[in-house]
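Undergrad: Build the 3D model from these lines:
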Amino acid sequence: MLWYKTEATIPVTTLSPPEGNTTFLGGRTWCVARPGASPADLQIALDWACGLGKADCRAIQAGGPCFEPNTLLSHASFAFNNYYQQNGNSDIACYFGGTAALTQNNPNHGRCVFATSSESIKASAASSWEHKAKSIWWKIDVILLLLYLGRR
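TA: Next up, the predicted model:
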């Protein structure tokens, strides 16, 4: 079976790191939503990241520091980055069915601060065993999301 990666309709310069940690980029990378991604696919990926993906999306709720601008692209970028930082900064953790891309451009704005790979929000992981178990589950979740998006 052959698999083809579909590209966004608007070209976006992205980084394509090898599988694993992206510290070769100076330790400061973010995962953001692709501007050319379809709104329907972005919404599905955002819902997954804040749901099954277990990203901390409280900051993009009404009244949160990242609620404004209240756009799908902005909210998806925050959620995607939160998931990416929690899951080892791996390129697969910043795919979201092709709706996300890695960047070295700081997406922070106003009171909204996006975590970075150099200050990973996973730094306080309880144990390496728990980390390995979570790693397996997020990979399964990503595969399920990709399968779902592939059927659309």
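
Undergrad: What lies in contact with stretch 43-50?
TA: 33, 55, 57, 72, 75-76, 79-80, 82-83, 96-97, 99-100, 141, 145, 148-149 (Cβ atoms under 8 Å, 6 or more residues apart in numbering). The C-beta positions use only the backbone N, C-alpha and C, and glycine is treated the same way.

Undergrad: separation between the residue nearest to Pro39 when sequence neighbours are not counted and Gln43?
TA: Residue nearest to Pro39 in three dimensions, not counting chain neighbours: Leu72, with 5.9 Å by Cβ to Cβ, 6 or more residues apart in numbering. Using Cβ to Cβ, to the nearest Å, we find Leu72 at a distance of 6 Å from Gln43.

Undergrad: what does Pro35 give?
TA: Taking Cβ to Cβ, one finds Pro35 at 15 Å from Gln43.

Undergrad: does Cys31 count as helix, strand or coil?
TA: Under the three-state scheme (DSSP: H, G, I helix; E, B strand; the rest coil), Cys31 adopts strand.

Undergrad: Kindly state the beta-bridge partners for it.
TA: Taking DSSP bridges as the rule, Cys31 bridges to Leu102.
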